[in-house]
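Trainee: 3D model of this:
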Amino acid sequence: MGYKHYIPQNRAKAAALLRQLKGQLVDVTGVQVEARSNVFAAAEAYWQLSKASGVHLYQVGAGWHADLEFKGLPPGVPTIVGTPEPVATRAEAIESVVGMMSICAQRDNVPPPDPATGLRWFRFDDHEVPVDPRMLEHFASRVPVVKFDASHVRRELDLLRADISGDAPVTADAWAAADFQLRYDACRMCCAAMAFGIMQVSYDPSASLELADGPAAPGMH
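Mentor: Prediction:
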């Protein structure tokens, strides 16, 4: 079983660790943040330390992870950013997250972009799908009253993947080769997924469509 960010006990520990590590911020003047993806580039301006709610530090197998969690972000902005790859020691994980926190602290003095105008991006396997923020706001407002849930959205994305790329992950080439209506339908479902807090999906050939279930992906790693 993997680490569960949403368990109250883990969130309480994460909040306590955040308070502790705020006293260890470092000077990151001149540090350049590499935008690893469109998803990252569109979200990083919203990741401010004042909006951080916890630091999740945990070990999976032989690797350590440190994830910075946020609250109060606009719909479609990932609420968790973590170490891109697991590191060998707990100390390395803490060093990595303190660096992230220090960069986020610099953003506290800079107003974030208007969430109504900036594109969001959904990671559909190996392809990033642009999501219109106005459509996302509409879907997010409908979540409390719609009759389907995140499990339904995941199943629909599985079906769309099959239509776009067959028994393979969605790629930029497969997306470009799909007809307009199929891409439009996929964009709408990606938008619905983000409204439910699902920021990305990954191809899993061992999963059946009926079993495509589970908690929403918390964010970016």
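Trainee: quick one: Pro75 from Ala195, how far?
Mentor: Per C-beta to C-beta, to the nearest Å, Pro75 is found 6 Å from Ala195. Heads up, the C-betas are built off the backbone N, CA and C, glycines and all.
Trainee: one more: Ser165?
Mentor: Distance from Ser165 to Ala195, counting by C-beta to C-beta: 24 Å.
Trainee: what residues go with each domain of the chain?
Mentor: What the record gives for the chain is the domain set 8-109, 120-211, from automatic domain parsing.
Trainee: pretty sure Val55 is touching Leu17, no?
Mentor: Yes - counting by C-beta atoms under 8 Å, Val55 touches Leu17, with 4.4 Å between them.
Trainee: name the residue in the two with the higher neighbour count.
Mentor: Neighbours around Val55 and Leu17, counted as other C-beta atoms under 10 Å, are more numerous at Val55. The numbers are 26 against 17.
Trainee: assign the more buried one to helix, strand or coil.
Mentor: Here Val55 is strand, with the state taken from DSSP: H, G, I helix; E, B strand; the rest coil.
Trainee: contact partners for it?
Mentor: Ala14, Leu17, Leu18, Leu21, Ala66, Asp67, Leu68, Glu69, Val97, Met101 (C-beta atoms under 8 Å, 6 or more residues apart in numbering).
Trainee: out of those, who's nearest Val28?
Mentor: Checking the contacts of Val55 against Val28 with C-beta to C-beta, the nearest one is Met101 at 9.5 Å.
Trainee: give me the phi and psi angles of the residue sitting furthest away from the middle of the chain.
Mentor: Within the chain, the residue lying farthest from the chain centre (C-alpha atoms, centre = their mean) is Asp179, at 27.4 Å. With angles defined as degrees, to the nearest 10, Asp179 sits at phi -70, psi 160.
Trainee: can you list the buried residues in stretch 24-34?
Mentor: Neighbour-count burial for stretch 24-34, with 16 or more other C-beta atoms under 10 Å as criterion, is recorded at Leu25, Val28.
Trainee: also stretch 12-22?
Mentor: Residues Lys13, Ala14, Leu17, Leu18, Leu21 are the ones in stretch 12-22 that count as buried (16+ other C-beta under 10 Å).
Trainee: now stretch 136-149
Mentor: Within stretch 136-149, the residues that qualify as buried are Leu136, Glu137, Phe139, Ala140, counting by 16+ other C-beta under 10 Å.
Trainee: one step back: out of the contacts of Val55, which sit inside helices?
Mentor: Within these, residues falling in helices by DSSP state H are Ala14, Leu17, Leu18, Leu21, Val97, Met101.
Trainee: just the closest of those to Gly30, please.
Mentor: Met101 (17.1 Å).
Trainee: which pLDDT value goes with Leu209?
Mentor: At Leu209, the predicted lDDT confidence score is 42.
Trainee: can you start the count at 642 instead of 1 from here on
Mentor: Yep, numbering from 642; the last one is Leu850 now.
Trainee: residue ranges of the strands in this structure, please?
Mentor: Here the chain has its strands, by DSSP state E, at 693-701, 704-711, 721-723, 761-765, 768-772, 841-842.
Trainee: rebuild these as TSV, extending it with distance to Val680 and mean pLDDT.
Mentor: TSV is the format used below for the strands of the chain (distance: least, C-beta to C-beta, whole Å; pLDDT from 0 to 100):
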stretch	distance to Val680	mean pLDDT
strand 693-701	19	97
strand 704-711	15	96
strand 721-723	10	92
strand 761-765	4	94
strand 768-772	6	94
strand 841-842	8	94
